[in-house]
Structures are given as structure tokens and as C-alpha cells.
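Undergrad: following is a predicted model, sequence given first.
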Amino acid sequence: MPVRSTDPRVTAGVIALAVIALLIGGAFAGLVVEGARDPSGAASAFDPYLLRVVRFTLWQALLSTLLSVVPALFVARALSRHPRFFGRGFILQLFTVPLALPAIVAALGILALYGRAGYFAGILSQVSGQSWPGIYGLSGILVAHVFFNLPLSVRLFLEALGTVPADQWRLASQLGMGARPAFRLIEWPVLRAALPGVAGLVFMLCITSFTIVLTLGGGPAATTLEVAIYQALRFDFDPARAVTLTLLQIGLTFVVVLALMRLGANTVGDANLPVAPRRYLSAGAAETSLNALLIIAALLFVAGPMAATVASGLGADLGRLAGESAVRQATLTSAVLALLAALLSVALSLSLIMARRALALSRGIGARTLLEHATDTGAGFVLVVPPIVIGAGWFLLLRTVSDVFAIAPVMVVAVNAVMAMPFAIRAVRPAYDAASERHERLCAQLGISGWNRLRLVDWPSLRRPLATGFAFAMALSLGDLGVIALFGSDSVQTLPYLLLARMGSYRTADAAGLALLLGFVCLALVLAADWLGRGERT
């Protein structure tokens, strides 16, 4: 079906691409300008410290991936082998909570459990025979990464196991196949096919981890590239070193994203679990006991930091915190910035989706144009450039022409909006394509386009998916610490920034109360997004 070259959907898509290009291009411009200003300083940054940071970045990501993915294989299989038991749905819902929790909230919960004054400090001191020093450093980073990535990996492996046809299970039952041959012949081939993509996704999440390493790293010995960029700008103010670190981070992330694309990994880290197929093999008593132990161990590991966050948060003086002007101002700032970021993210995502659909209809069966390809994959470019990298580029670009801290709200909104676009596109695109399939010809015959089409024709089908994308984008923005860590100041503080400041000043009780508030709001938003998404699918 031909589409006019002046189709407003294409125009909206071009504007959205221009916004993304400006955000990422401006960051690169800042890096290039700073590198050209001091090339010798950038080159001198290649020293033993830089090599140590790169080595630790890769090492912690590799260990985190192994500790997350390998246990997840067995936990996912245990859940798959028992598709119906009391509490299974609750466990799967609980495994979605780490996706909703801001990293700084989870870090505080882990410290509440395993820190020097944590709930398990006494037991760990008795086991080690000496005073428990806490969990800062590599051990703390690994525990936090596994807390986030084990549930994600379990859900992705469960999604893969759910694709096994029921006929295979029926045939296995008829042949009297036991648990071991069923695993070797039916389950393992599916898990093996999903393993590279899941492991690659977890590895990428770990090498771009900023907040966890910042809060739990504990010193120079446990520093990744992103944290080193932050330290080079905010503490040492060494722009030349920041340029070198940033370029290395971009190159490393680019290689991992290319590998993920080759593996077909789910780069937004979402898993829509299918309805469990009918199973024809029953687990024996020994297998059932082992599977129960695996599921309970994973459940306790994931639920522990959440429970510790709630317990320590309730122990704080919440009334006093609510009365503090700094807390009220940070809450208001977070809400406003997250609202604006979510609105911008949904608007940009919808613009790209509409433009892609219009260009595809105009093309017919011909080869895709460069513009159509850009609208299809444009949002994916943000996966290559982490938020702290974009923030660093703009920090360097603007520091000579304006007060970088005065533009903190603009940077937070813009970066968080673009970073949430892959999630929003995943939520909205199927619904828009389906609505276009139903209404495209009718709209062309009646001459309905632009705002009138969106309001009268597409809106009923897009209302719930847009709300899903909006809620998820707002939750991501509320819990983000990457950009505000660079641009934040006493005059512009969000809840994560204030929480980090309270942790840095050893006001742990206040930090626990703020973590409870932040975690509750983000969790409510993600659960609302999940509920809206399920309602659309049904």
C-alpha cells in the first residue's frame, strides 16, 4: 500500500531519529573535542591502572555470568519439571521483582544482610573465626549481580523450555523415558540453544553495571570502567583519562552487543513466560526433593535482600524522613523527571514504530531503505552506549560553555528517555502493527491520518501498551543513578542521588528508609506495567 512521502508518521520517525542522533552524537562530539584538546593526556592514560580496571571489568563480568547462568539452568529445569504446585506463580512473580528494583536499593538490602553490621554478620564471624569485615569488593559485586541476573536467567530459560512441543513429552512418556534421558534428549538441546544468548545478555549487563560497583566496590581494587569514568570526572577531574576510559567502554560494549545480535539474545531482558504445556512425565521422590531444594535455595537467595530492605526500612524514622525538606524536594524532583522521561520515551518509541510501519507499507516487497532500517534498529544504538558514557560525553562538551550542573534535569530526562526506548518499543510495536493491519486500508480510503488517526483509530488499541511502556520507562528513570551521579548537585537531587549521599555520610538508617520508599514506588510501577501487558495479551 503506497504511503505519501509527507506521511506525518515518517516525519515523526525522522524527528525521533534526530533526537537519538543528537544525544549520542553530542556525547561523541564531547569526547572528540576533549581528546583533540589534550591528545597526549588521553594517550598517557594507558597505564597499569587502566589495564587493571579493564581486567577487573571483564573478570567480574565473567564470574557474575557463570554464577548467575549455571545455577539458573538447574532452577529453571526444576520449575519446568513441576509446572503445577502451590506457590509456583508466586515464585515466578517474585523473580520479576529484581527487574523492578533500582540497583542502589538492592545494594542496600545486600549490605543489610551481609554487611559488617548486617543480620548475618554474627553468624559469618563465627564461621570465619574473626570479625566479619563486610561484603565490599568483588564478593559484594558478585552477590548483587547474581541477585539481579539469576532470576532473569531462570525466566529466560523457562521461556525456552516452554517451547518444547507437547508431542515430545507425550512420546517420552509412552517410551517410559526417565529424568536423565529426558534431560539429555529433550531439555538440554533447548537449553543449550538458549545458553549463549542468555549468558551474553548477562555478561553485557555486568560490564555496564555502574551503581552496584559504585556502592559495593569498596575501593580502587574493585573498579570497573564506568566507575572509573565517574571518578575521573567528579573526583579527579581528569578529562583526558575520562576520554580514554569512555572510548574503551564503548568499544567493549559494542563488541558484546554485536555478539548478542549474532546470538539472537533478548537484549531488553524481558521474558514473557508462556503457559506451561501439559507434561506427561512425573518426577520421582528423589528428583522432587532435589528440585525442591534448588527452588527453595533460589527463592531464599532472591527474597533475602528484599526482606532485609523492608525490615531495615521499617526500622528507620520514616516520619522524620518524610518531614525533611531535602527528602520532599528529592521525591518531587524524581517524580517530575521520571514523568517527563517516560512521556518522552513513549513519544519517541511510538514515532519510530509508526514510521517503520509506514515505510514498510510503502516499500511493499522491495528492499528496505536506509531510513526504514534506521527506524527499525535506531533505538538499539543506545545499548552500545551506556548512560554514564553519554553523560560523560555531554559533561565534557558543556563544561566549557555553561554550568553543567544547571542542565542536570535536561540530561537526566533525555538520557533516561532514550535508554528506556527498547522496553517501550517491545511493549507497543506488536499492538501498533496489529492495529495497522486492521485499519490501514480503511484509513487510506477515508483520508484519516496524523493526529486524527492516532486519536480516533489507533488509540483504543494502543492505550494499554502505551501505559505499559510508560510505567516501565518511569520505573527505570526513577531508579537510575548513572546520569544524576555526574550532573547531580545540592540544588538538583533525585532520590537515588540523595540515598547515595546518605550512604556516603554513614547515615544508614536514613538510607534504608529512602530505599524502602524508592523500591516500593518502582516495584508498583513495574507490576502495573506487567498487569497492563497481560491484559493486552489476553
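TA: That came through, no problem.
Undergrad: could you use CA atoms for every contact and neighbour count after this?
TA: OK.
Undergrad: show me where the stretch 351-500 of the chain has its helices.
TA: Using DSSP state H, counting those that start in this stretch, the helices of the stretch 351-500 of the chain run over 370-377, 387-398, 408-419, 421-446, 450-453, 459-479, 482-487, 495-504.
Undergrad: so which of those gets nearest residue 27?
TA: Nearest to residue 27 among the helices of the stretch 351-500 of the chain is helix 387-398; the distance by CA to CA comes to 3.8 Å.
Undergrad: helix or strand right after the lowest-mean-pLDDT helix or strand in the chain?
TA: Sorting the helices and strands of the chain by mean pLDDT, DSSP states H and E puts helix 166-174 at the bottom, at a mean of 73. For helix 166-174, the following helix or strand on the C-terminal side (DSSP states H and E) is helix 179-182.
Undergrad: and that following helix, what's buried?
TA: Applying a neighbour-count criterion of 16 or more other CA atoms under 10 Å, one finds residue 182 buried in helix 179-182.
Undergrad: what's the helix or strand encompassing residue 520 packed up against?
TA: Using DSSP H and E, residue 520 sits in helix 508-537. Helices and strands touching helix 508-537, by 3 or more CA pairs under 8 Å, 6 or more residues apart in numbering; DSSP states H and E, are helix 97-100, helix 103-114, helix 285-314, helix 318-323, helix 459-479, helix 495-504.
Undergrad: returning to that earlier point: off-centre distance for the least confident helix or strand of the chain?
TA: 37 Å (CA atoms, centre = their mean, to the nearest Å).
Undergrad: swap in stretch 221-240?
TA: Offset of stretch 221-240 from its chain centre (CA atoms, centre = their mean): 22 Å.
Undergrad: what's it in contact with?
TA: 34-35, 38-39, 41-42, 45, 53-54, 56-57, 137-138, 207-210, 213-214, 217, 241-242, 245-246, 248-249, 388-389, 392, 396, 485-486 (CA atoms under 8 Å, 6 or more residues apart in numbering).
Undergrad: 6 Å instead?
TA: The contact list for stretch 221-240 (CA atoms under 6 Å, 6 or more residues apart in numbering) reads 41-42, 53, 57, 137, 210, 242.
Undergrad: who wins for neighbours among the residues you listed?
TA: Counting by other CA atoms under 10 Å, residue 242 has the largest number of neighbours within the contacts of stretch 221-240, with 29 neighbours.
Undergrad: what's that residue in contact with, if anything?
TA: Contacts of residue 242 by CA under 6 Å, 6+ apart are 229, 232.
Undergrad: ok, it to residue 410 distance?
TA: For residue 242, the distance to residue 410 (CA to CA, to the nearest Å) stands at 22 Å.
Undergrad: can you give me the buried ones in the least confident helix or strand of the chain?
TA: For helix 166-174, by 16+ other CA under 10 Å, it's 169, 172-173.
Undergrad: can you add distance to residue 96 and give these back as CSV?
TA: Output for the buried residues of helix 166-174, formatted as CSV (distance: CA to CA, whole Å):
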residue, distance to residue 96
169, 28
172, 32
173, 32
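Undergrad: give me the secondary structure label for residue 131.
TA: When classified by DSSP: H, G, I helix; E, B strand; the rest coil, residue 131 comes out as coil.
Undergrad: out of everything not next to it in sequence, what's closest to it?
TA: residue 125 (5.1 Å; CA to CA, 6 or more residues apart in numbering).
Undergrad: and that neighbour, which helix or strand is it part of?
TA: helix 121-128.
Undergrad: now the angle from that helix to helix 103-114?
TA: Interaxial angle, helix 121-128 versus helix 103-114 (axes from the mean of the first three to the mean of the last three CA atoms, to 10 degrees): 60 degrees.
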